[in-house]
Each structure stands twice: as C-alpha cells, then as structure tokens.
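# Fold the following and give me the result.
(one chain, ligands or ions: 2)
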Amino acid sequence: MKKIGIMTSGGDAPGMNAAIRAVARRAMSFGIEVYGINYGYAGLVAGDIFKMERSSVGDIINRGGTILYSARYPEFAQEEGQLKGIEQLKKFGIDALVVIGGDGSYHGALRLTEHGYNAVGLPGTIDNDIPYTDFTIGFDTAVNTVVESIDKIRDTAASHERTFVIEVMGRGAGDIALWAGVAGGADEIIVPERPFDIQQVAKNIQNLRARGKKHTIVVLAEGVMHANEFMDQLKQYGDFDARSTVLGHVQRGGSPSGRDRVLASKMGAYAVDLLNEGKGGIAIGIENNQLTYHNMTDLFSSKHQPDMELYDINKTLAK
Ligand code: ADP
Ligand code: F6P
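Numbering: from 1, shown residues only. Ligands and ions are numbered 1, 2, ... in the order given. Here you go, the predicted model:
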C-alpha cells in the first residue's frame, strides 16, 4: 500500500473532517502517500485530486462540514462513471480509496469493489442508517443539536400550553427521532419503523391534558411524513393549539461532539491499519463498542435496525 485516496460523499456530517484527519495522519505515519478527492464521486470522475500533507488536515478536527466538499452525483450509478473514476485513480497510482459517506456513497464504493478496485467505507452520515454499525459519524452531534432545539421549543410549548410537532431528519430511518425524542423527553415519537394511529396519538395527548400536562412535544421522523401534514391530521381530532417546526439542515452542521470526533478518529485509524494489512473492499463499523469490518459485498444483505427499545421505553416515560 503506497498511495491511498480519501473522499467525502453525500450529505455532509459533523465529524467527517475528524475522519479525514485520522485517515490521512495514520496513513502518513506508515509512510503512505495520501490523496484528497474533492466533491465526492463527481470530483473523482473529473480528476479533482490533490496530494495531502500533514498540514492539510490541521485545525479541522473541530470543524463541521467537510474540507473535501461533498456532492450528489447520480451519474456514478452508471457503469460509465464508475470506470472513469477507476481510470482516474489508476492515473494517480492510488491503490485504495476510503469513502466517507452514507448509504448512497456506500453503493458507489460497492460498485468500485465489484469492478475489482479496493474501496473502504467509513460510515459518515447523521442518519445512522448504515448496516453493521451501531453508530455512524455525525449521528451523535445531530442528536445533540435536536435535543438542544427540543429544549428550546419546550419553553414555548409550556408557556403557551401548545402541542409542537417537531420534524427531524433521518431520511428513511427513525434513529435521530428515537434518540433525540428520548433525550428531549418527547411525549410521542413517530418513526417509519413503527406504524402509528393518529387518532390514538390525539387520544394520548387528551389524556395527558386531562392529567394536567397541557403541553405536548411530538418528535416526528421525516421518513413518516411532513410535520404540517401530521399536524393537519391531528387537528381533526381536537384543538391542541398545535404548531409544527421543521429543524432542517441545522441538524447537519456544527462542531462535532467529542463522541463523534473519537468515533471518527478510531474508525479512520482502523481503516488504514486494515488497508496496511492488505485488506480491502470492506466497510468499517462499531458494534457493541468494538471496531468491526464487513465485506462491502455482504453489507446490503442486511438492513440497519434502529434501537426500538427506545420507542418502547419512551411509551412509559411520557407523563
Ligand atoms: P449518502 O451517501 O449520504 O446516502 P447519496 O444517497 O446522495 O448520499 O449518495 C451519495 C452519492 O453516492 C451519489 O450522489 C452518487 O454519486 C453515489 N451513489 C449513490 N447511489 C449509488 C449507486 N446505486 N451506485 C453508484 N453510486 C451511487
Ligand atoms: O442523509 C443526510 C440527510 O440530511 C437526510 O437526513 C436528509 O433526508 C437529506 O440528507 C437531505 O438532503 P439535502 O441536503 O440534499 O436536502
């Protein structure tokens, strides 16, 4: 292993920079040359590739976003794009590519692997929706951002005795809603992984009100429906003085939490160690607090499952 490439792809996530730093510095400690690829697969195909130095990754561990930029580049789903990408990697003499990204980016890395190119996936997404890892880089920070927002909205909800429907990100996954819902003391958590009955939700809110709790926090995963739509449905079953809030992209930004920085550092270093041992075509994860890896080709035979215990626990915690 003489030269490796790093890229970030798909939605940016806090801690991607810490992962870039870890991969680059660990590789350099073995004397491996490191190449940064800007703008994900778009930059790969365009040959937007540059040699990195130790200083290229200085002062970034604390920064959200990604210094390598990111892009959505659907053309990479076509074989033509994939072959062009491999051509560029070969032109620069890059032996292996570390892709930091989410579900879609992993599919790109899988395609490279299927073409016989050595790609390694590091899970970087706020959604926490990658198979074979309990946590992805960026998830913890996003949860903390959402919790901070719920705390603020709670003040208004309590002062005005209102019901708030707070829509959080996660694409098709309910992880952010579950974790932030429990941590934020939500009365209801609505996720794609569990069916819900709007009439029952309304009844629960009425019961809470009858017991003296006049304000309600509903945390809604975006994968279920839009907050406005949910609120409109809810209003059919009672007057809850409801408001909806869509937290949106604030959830993607900001300085990564200590936990995300550590996770990124551990995973980045581990990926390089495995490459240095001659492994490849793998995805890095953390399972039961142990770093693990799985063959990229096996990854999508499994589907990520959120911790649904949180859902059940929360049912008993709402007062
Ligand atoms: P994320 O990685 O955060 O899930 P996307 O789903 O947008 O974000 O995927 C990021 C990029 O990965 C896409 O813009 C595209 O370049 C590449 N990609 C996504 N799906 C595929 C696929 N099926 N095959 C090859 N490349 C893909
Ligand atoms: O995958 C990260 C994510 O923020 C999802 O939670 C969300 O559904 C999506 O990206 C938003 O994408 P965009 O930034 O392209 O609107």
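# Point out the residues in the protein that sit beside ligand 1.
9-11, 40-41, 72-74, 76-77, 101-105, 107-108, 111, 125 (C-beta under 6 Å from any ligand atom). Placement of C-beta: from N, CA and C, glycine included.
# can we see that at 5 Å?
Residues of the chain lying close to ligand 1 by C-beta under 5 Å from any ligand atom are 9-11, 41, 72-73, 76-77, 101-105, 107-108, 111, 125.
# Please flag which of these sit within strands.
Judged by DSSP state E, strands contain the following of these: G101.
# neighbours of D298, just the number please.
12 (other C-beta atoms under 10 Å).
# got it, and L178?
The burial count for L178: 29, using other C-beta under 10 Å.
# Next, work out how far apart the spatially closest residue to it that is not a sequence neighbour and E277 are.
Once flanking residues are discounted, L178 sits nearest to L310: 4.4 Å by C-beta to C-beta, 6 or more residues apart in numbering. L310 sits 36 Å away from E277, going by C-beta to C-beta, to the nearest Å.
# what does N288 give?
N288 sits 22 Å away from E277, going by C-beta to C-beta.
# So those two - more neighbours on which side?
Higher neighbour count among N288 and E277: E277, with 9 against 6, using other C-beta under 10 Å.
# Is it possible to mark the buried ones in the residues of the chain next to ligand 1?
9-11, 41, 73, 76, 101-105, 107-108, 111, 125 (16 or more other C-beta atoms under 10 Å).
# next helix or strand past the helix ranked longest in the chain?
Under DSSP state H, the helix in the chain containing the largest number of residues is helix 139-160. Sequence-wise, the next helix or strand downstream of helix 139-160 (DSSP states H and E) is strand 163-168.
# Would you mind listing the buried residues in the helix or strand following that next one?
Counting by DSSP H and E, the next helix or strand C-terminal to strand 163-168 is helix 175-183. Neighbour counts using 16+ other C-beta under 10 Å place 175-183 of helix 175-183 among the buried residues.
# now stretch 277-293
Across stretch 277-293, burial judged by 16+ other C-beta under 10 Å covers 280-286, 291, 293.
# do the same with stretch 235-250
Applying 16+ other C-beta under 10 Å to stretch 235-250 flags 240, 242-247 as buried.
# what sits up against it?
For stretch 235-250, contacts defined as C-beta atoms under 8 Å, 6 or more residues apart in numbering pick out 145-146, 149, 153, 160-169, 198-199, 202-203, 205-206, 216, 226-228, 230-231, 234.
# From the residues you listed, list the ones also adjacent to ligand 2.
By C-beta under 5 Å from any ligand atom, the members of the contacts of stretch 235-250 lying near ligand 2 are M169.
# Restricted to buried residues, select the contacts of stretch 235-250 in ChimeraX.
Per 16+ other C-beta under 10 Å, the buried members of the contacts of stretch 235-250 correspond to this ChimeraX selection:
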select :145,146,149,153,162,163,164,165,166,167,168,169,202,205,216,227,230,231,234
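# Now the residue of the stretch 151-300 of the chain found nearest ligand 1: closest residue in space, sequence neighbours ignored.
Relative to ligand 1, the nearest point of the stretch 151-300 of the chain is R171 (7.4 Å; C-beta to the nearest ligand atom). With sequence-adjacent residues excluded and distances taken as C-beta to C-beta, 6+ apart, R171 is closest to D127, at 5.1 Å.
# how near is the one you found to ligand 2?
5 Å (C-beta to the nearest ligand atom, to the nearest Å).
# Got phi/psi on that residue?
Main-chain dihedrals, D127, degrees, to the nearest 10: phi -70, psi -20.
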